[in-house]
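Student: give me coordinates for this.
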Amino acid sequence: MTIQQLLKTAPVTTLLLASFIGLFIMQILTGVDANNPSTEALLKWGANALPFTMGDDPWRLVSSAFLHIGLMHLLFNGFAMYFFGQIAEPMFGSAKFLALFLLAAIGGNLLNSYVTWQSILDGTGQPGLSAGASGGIMGIGAALLIAALFKISVNGMVLNLKSLIFIMGINLVYGFAVPGIDNAGHIGGAITGLVIALAFAIGYRQRLAVAIQNAAIQQQRTLNAYQTNYSYSAHDTPSYNSHYSGQYNDQHDNQSPYDATSIEQSPYLNSASTEQDTVLANNETNVSDINANNSAESVTANNSPLSHEAVHHNSIEPEALKKPSIIWQLLPWLAMLLISIGFVWWWQDIHQQLLQVLKAIE
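Tutor: This next block holds a predicted model:
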């Protein structure tokens, strides 16, 4: 995927990668060692360090996610961000994706600080520093795991759950096997990503269920419209008997039981009787014509497929379309808001404990 395609598909991912690389270049230009930066340089550029982060510099919870310790660290995290970001950002949306990355990074740094603080209180550890986008990236990877578990598709493709589990497992095992890796940061970021993705997946499932119901309602509406236009009720059948009866009467009345020759040559028929028969025949013919006309009108009236009575007989009022509850659309944001409040409380708790210890030492 080219840079232009990545910028179009995943703009936040592109900007994050640019910020990682840009910050690293700025460090190099100011004299920081590209492969082995010093502790002083890392603190200067915003690394996460317990006495500072839990003291007067809480902004280090975010800044440390953009800082990397050496070129290999940058390349590893940059590749992971490129791989996960181009899939996760179109799936979750750019705004949610950015919030997911930042909260996962903060969650990882907070867990790292908490574990470090507890080890100091137990007398088994000492203050240290950490940096890198690993916590945020692990949060994105965990969110993709949930998406694969719930079979959420991106561009019509469903993620491979086994492949994601394998990739996440390698990262966690590598963190425990190699010294100097921030395992607490990885785990904290992954847990944060799982919680946020669960809220997203639940909301997605509910909206999908409503969409399926609306599709069924639309299909029923189309079926009802088809049946209304082309079906007949029982009394819509034309009066074919009346029609053909009229035709038969016309033919019968126009045929005489005697041929013309016998009538003209009969010596027993006078002119009066002939006139009477003529009037009678005309009357019968008029009656037949009236019956035929009435039958034709009956056929015309009853043969209309869109009569009001037929439409009323066949029309079934479909169920109204449903709208997804707004709570399902806001659920991921509500989850992230609650997580943010929990992080503030967590930082305040460690901060107060640190101040009490420092006060007791003085």
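
Student: worst-scoring helix or strand of the chain, pLDDT-wise?
Tutor: helix 260-265 (a mean of 38; mean pLDDT, DSSP states H and E).

Student: any low-confidence regions in the chain?
Tutor: 1, 154-157, 174-180, 225-319, 324 (pLDDT under 70).

Student: any idea which helix or strand carries residue 350?
Tutor: Element membership for residue 350 (DSSP states H and E) is helix 326-361.

Student: now for that helix, which elements pack on it?
Tutor: helix 94-122, helix 183-230 (3 or more C-beta pairs under 8 Å, 6 or more residues apart in numbering; DSSP states H and E). All C-beta spots, glycine's among them, are computed from the backbone N, C-alpha and C.

Student: single out the most deeply packed of these.
Tutor: Highest mean neighbour count among these (mean count of other C-beta atoms under 10 Å): helix 94-122, with a mean of 22.

Student: what are the phi and psi values at residue 49?
Tutor: When quoted as degrees, to the nearest 10, the phi and psi of residue 49 stand at phi -140, psi 130.

Student: next, the contact list for the closest residue to it other than its chain neighbours, please.
Tutor: Nearest non-adjacent residue to residue 49, counting by C-beta to C-beta, 6 or more residues apart in numbering: residue 129, 4.1 Å away. Residues in contact with residue 129, defined by C-beta atoms under 8 Å, 6 or more residues apart in numbering, are 39, 42, 43, 47, 48, 49.

Student: please pick the buried ones from those.
Tutor: Taking 16 or more other C-beta atoms under 10 Å as the criterion, what is buried in those is 42, 43, 47, 48, 49.

Student: which of those fall in helices?
Tutor: Mapping the buried ones among the contacts of residue 129 onto helices (DSSP state H) picks out 42, 43.

Student: include distance to residue 109 when you put the buried ones among the contacts of residue 129 into a markdown table, please.
Tutor: Compiled in a markdown table, the buried ones among the contacts of residue 129 are given as follows (distance: C-beta to C-beta, whole Å):
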| residue | distance to residue 109 |
| --- | --- |
| 42 | 14 |
| 43 | 14 |
| 47 | 10 |
| 48 | 5 |
| 49 | 10 |
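
Student: among the buried ones among the contacts of residue 129, which one lies nearest to residue 334?
Tutor: Distance to residue 334, by C-beta to C-beta, is smallest for residue 48 among these, at 27.5 Å.

Student: which one is that closest one nearest to, not counting chain neighbours?
Tutor: Spatial nearest neighbour of residue 48, excluding adjacent residues (C-beta to C-beta, 6+ apart): residue 64 at 3.9 Å.

Student: how about residue 186?
Tutor: Among residues not flanking residue 186 along the chain, residue 138 sits closest, at 4.8 Å (C-beta to C-beta, 6+ apart).

Student: got the phi/psi numbers for residue 150?
Tutor: According to degrees, to the nearest 10, residue 150 has phi -90, psi 0.

Student: OK, contacts around it?
Tutor: Contacts for residue 150 (C-beta under 8 Å, 6+ apart) come out as 201, 204, 205.

Student: hmm, 10 Å instead?
Tutor: The contact partners of residue 150, by C-beta atoms under 10 Å, 6 or more residues apart in numbering, come to 158, 159, 197, 198, 200, 201, 202, 204, 205, 208.

Student: I'd say residue 30 and residue 24 touch.
Tutor: No - look at residue 30 against residue 24 with C-beta atoms under 10 Å: they stay out of range, at 11.1 Å.

Student: mind listing the shared neighbours of the two?
Tutor: Shared contacts of residue 30 and residue 24 (C-beta under 10 Å, 6+ apart): residue 45.

Student: residues near residue 79, how many?
Tutor: 12 (other C-beta atoms under 10 Å).

Student: can you tell me the helix or strand for it?
Tutor: Counting by DSSP H and E, residue 79 is found in helix 71-92.

Student: what's the distance between the residue nearest to residue 186 and residue 169?
Tutor: Separation of residue 138 from residue 169 (C-beta to C-beta, to the nearest Å): 12 Å.

Student: roughly how far apart are the residue nearest to residue 82 when sequence neighbours are not counted and residue 356?
Tutor: Once flanking residues are discounted, residue 82 sits nearest to residue 17: 6.4 Å by C-beta to C-beta, 6+ apart. According to C-beta to C-beta, residue 17 stands 41 Å off from residue 356.
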